[in-house]
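J.: model the following, please.
(one chain, ligands or ions: 1)
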Amino acid sequence: MKGTSYIIIICFVAISVFYAGAQERIFDIAIDRPIGEVSPQMWGVFFEDINLGADGGIYAELVKNRSFEFFRPMMGWHPLGAPVEGALLVLNRQEHHAKNPRFLRVNTMAIGSSGLGLGNEGFRGMGVKAGVRYDFSIMYRQHVPGISLRLELVDSAGIVIGAGRLEPAAVTGGWQQQITSFHATATHPKARLNIWFEGNGEIDLDMISLFPADTWQGRPGGLRADMVQLLADMEPGFLRFPGGCIVEGYDLSQRFQWKKTVGPVEERQMVINRWNFEFKHRPTPDYFQTFGLGFFEYFQLAEDIGAEPLPIINCGMACQFNTAEVVPLDQLDTYVQDALDLIEFANGDTTTTWGRLRADMGHPEPFNLKMIGIGNENWGPQYVERLAVFQQAMKNRHPEIAIVASSGTDPNGDRFNYLDSALRNLGVDIIDEHYYRPPQWFFDNAARYDNYDRNGPRIFAGEYAAQSVAIASPDNKNNWLTALSEAAFLTGLERNADIVTLASYAPLFGHVDGWQWTPDLIWVDNLTVYGTPNYYVQKLYSTNKGTHIVQLTEKGDTVAGQRDLFASAVVDKKTNELIIKVVNRSDYPIAIQLELSGADHVAQTAVHVEMRSDDLDTVNSIEAPLAVSPQEREIVINHRSPRVEVSPYSFNVFRFKI
Ligand code: AHR
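T.: Purely as a prediction, here's the structure:
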């Protein structure tokens, strides 16, 4: 006991000496008077298939263009050996099978000893791991049985690092599916798949696929476990999907139609990904949406990571940065029906058409959908008119579902002002605001919601990301300055969590070899994944969200940037903790005296989680994934009069037991 007292005294002395050089501030925190509840859904995830987020990313399929439906049907594929004319033929059965018209006919009967094969380059190569099982599958139709498939995974030097064999059954007639598995013998980030056709015969092939077996929850044809794990680690309250501009499409024919993304994967009609050609400086000609990750899988993912699903549906308008096509108001029915049917797909019982499909896909229980977004970044009266039609139909049929509506591309200006007031007049439940702004904007707007109307719609900070250079600039970086500015802004969201009930960073994923948009929350290559400083900032908010907001003031004012500090506080009634977040954007340390009302003391030890870097340009990377990341330690404090210290350029979370 005596020893413990000495240690505590030494700690006090050490801390006091440390404080000597720090500026002094005093925060008043009213623990006993919560000013609102924090929504359990508050901090979530925004998913869009951009930057190879889905195909080539979280969707673990390794074969690119598995069904030959890209514009150039052989994109991603190359012949091996010495094919003679007609040995590999792309056929199109558009009249009979509009959803997946193309397939490949392989005829080896005129091939000599040089052999015939087909190679697939994967999405910027294939990430292959030693010891992992790989499941290769095809759909095939025999004409002249006799061909068997010899499979090779090869590294960049052509060395075989995995081999298997598939002997298609000698049945003639309709299409069959067959699977074979083999293990990789080495790890390689950019492997390729070779398929050698051995023996004489003629066979049709489609849906040529290769998946690792170590997917999330081991689901066949599933998702990359490492990428999902980073999402799960955030303990997200919601998952917004599938976008983003991808919902709108370049034109209406390319809009996201959820019904085309459910059911058997070979029946899901592929479309070009609008990020394929959006940016001239980052063209991605091999970017398509196969919808292997479709709406069923999105709902399942949300459930897996404990997040509420928040689907966004097309409102009858194509992207206004592109064609800006709109559906005539009197022809909106199909679009509205899509929204109503989506609710049935998610929540309907298994006697309903769409509820039955959900059950057939393996999920008889409902997905408990509670909110739905109508439109992404749409604007103008044409949006409001269409939204009103949706709103009426939804409220008549499903008043239990909250409607999320977009206030457009910007957080201020004429477009925003018009929409904000129109949406309030319509009485939508939640307004989705987007902010892609410089770091300074985030610092300057930490008090944005302090005086927002408490009687109007709730706010969804649906897409936020500080841009280090300019919006959509390829030079933007996820550096510490951007993350620090977001941490400052998020104190304002937390302080106003009674009105701002959802928040997510955007975009979510970026593939180091295949991105179109930067900055992004999480970066990946074919084998690894790392969180940016921005990821850790939002994760700290999410995993320390508490249950109730409490008032934190300095000289009677909220702490929203005065003399370089930003702060907010919550209590967690489940764990009996006071949780304080503080951002110090200055280049000097600051000591803060915490005057607590409503508790005469806190526990003598507390937890301090700190993110800091003296260099605001610091970024995380595949080589240094934790360069700026949370460091947690226990601190000893004066439990009747706690005092803490925040370092220059730091984001801090303090947890006190009360
Ligand atoms: O997050 C990238 C894009 O930014 C989204 O698709 C869109 O909603 C916004 O303009």
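J.: got the residues of this structure near the ligand?
T.: Proximity of the chain to the ligand (C-beta under 6 Å from any ligand atom) is limited to residues 48, 50, 243, 244, 245, 376, 377, 409, 463, 506, 507, 517. Using the backbone N, CA and C atoms, a C-beta is placed for each residue, glycine as well.
J.: list the contacts for the fifth one?
T.: With C-beta atoms under 8 Å, 6 or more residues apart in numbering as the criterion, the residues that contact residue 245 are 48, 274, 278, 319, 321, 376, 377.
J.: picking up where we left off before, CSV please, covering the residues of the chain next to the ligand and showing secondary structure and pLDDT.
T.: Shown next, in CSV, are these (DSSP: H, G, I helix; E, B strand; the rest coil; pLDDT from 0 to 100):
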residue, secondary structure, pLDDT
48, coil, 98
50, coil, 98
243, coil, 96
244, coil, 96
245, helix, 97
376, coil, 97
377, coil, 96
409, coil, 96
463, strand, 98
506, coil, 98
507, coil, 98
517, coil, 98
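J.: which of those are buried?
T.: Neighbour counting by 16 or more other C-beta atoms under 10 Å classes 48, 50, 243, 244, 245, 376, 377, 409, 463, 506, 507, 517 among the residues of the chain next to the ligand as buried.
J.: in TSV, list these along with distance to residue 499.
T.: What follows is those, written out as TSV (distance: C-beta to C-beta, whole Å):
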residue	distance to residue 499
48	26
50	29
243	25
244	24
245	27
376	22
377	21
409	22
463	18
506	21
507	25
517	29
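J.: which residues does the nearest residue to residue 251 once chain neighbours are set aside contact?
T.: Here the nearest residue to residue 251 in space, its sequence neighbours aside, is residue 323; by C-beta to C-beta, 6 or more residues apart in numbering that works out to 4.3 Å. The contact partners of residue 323, by C-beta under 8 Å, 6+ apart, come to 250, 251, 252.
J.: okay, now the unreliable bits of this structure?
T.: Along the chain, the model assigns pLDDT under 70 to residues 1-21.
J.: which parts of it belong to which domain?
T.: For the chain, automatic domain parsing gives the domain ranges 21-36+549-657, 45-60+216-545, 77-212.
J.: which of those sits most buried?
T.: Comparing these by mean neighbour count (mean count of other C-beta atoms under 10 Å), domain 45-60+216-545 ranks first with a mean of 20.
J.: and it, how far apart are its ends?
T.: 15 Å (C-alpha to C-alpha, to the nearest Å).
J.: ok, the nearest residue to residue 409 once chain neighbours are set aside - contacts?
T.: Excluding its sequence neighbours, the residue lying closest to residue 409 (C-beta to C-beta, 6+ apart) is residue 377, at 4.9 Å. Applying C-beta under 8 Å, 6+ apart to residue 377 gives the contacts 245, 248, 320, 406, 408, 409, 434.
J.: also residue 275?
T.: Applying C-beta under 8 Å, 6+ apart, the residues near residue 275 are 49, 50, 51, 246, 284, 287, 516, 517.
J.: now the fifth one: how far from the ligand?
T.: Using C-beta to the nearest ligand atom, to the nearest Å, one gets 14 Å for the distance from residue 284 to the ligand.
J.: so what's the closest residue to that residue other than its chain neighbours up against?
T.: In space, and not counting its chain neighbours, residue 284 is closest to residue 276: 5.3 Å by C-beta to C-beta, 6+ apart. Contact partners of residue 276, counting by C-beta under 8 Å, 6+ apart, are 283, 284, 285, 286, 287, 288.
J.: how close does the third one get to residue 257?
T.: Relative to residue 257, residue 285 is positioned 23 Å away (criterion: C-beta to C-beta, to the nearest Å).
J.: which stretches of the stretch 251-400 of the chain form strands?
T.: All strands of the stretch 251-400 of the chain, identified by DSSP state E, counting those that start in this stretch, fall at 271-272, 288-289, 308-313, 371-374.
J.: between those strands, which one is closest to residue 609.
T.: Residue 609 sits nearest to strand 308-313 of all these, at 25.9 Å, using C-beta to C-beta.
J.: pairing partners for that closest one, with directions?
T.: Here strand 308-313 has these sheet partners by DSSP bridges: strand 238-241 (parallel), strand 371-374 (parallel).
J.: tell me which element residue 193 falls in.
T.: Per DSSP states H and E: residue 193 is located in strand 188-198.
J.: report the backbone C-alpha coordinates of that strand in CSV.
T.: The C-alpha trace of strand 188-198 is given here as CSV (Å, rounded to 0.1, in the frame of the first residue of the first chain):
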residue,chain,number,x,y,z
HIS,A,188,2.2,-13.4,-53.9
PRO,A,189,0.5,-10.1,-54.4
LYS,A,190,0.1,-10.2,-58.1
ALA,A,191,-0.4,-13.8,-59.2
ARG,A,192,-2.2,-14.9,-62.3
LEU,A,193,-4.4,-17.8,-63.2
ASN,A,194,-3.7,-20.1,-66.1
ILE,A,195,-6.2,-22.6,-67.4
TRP,A,196,-4.9,-25.2,-69.8
PHE,A,197,-7.4,-27.2,-71.9
GLU,A,198,-6.2,-30.7,-72.2
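J.: distance from the chain centre to that strand, please.
T.: Using C-alpha atoms, centre = their mean, to the nearest Å, the mean C-alpha position of strand 188-198 is found 30 Å from that of the whole chain.
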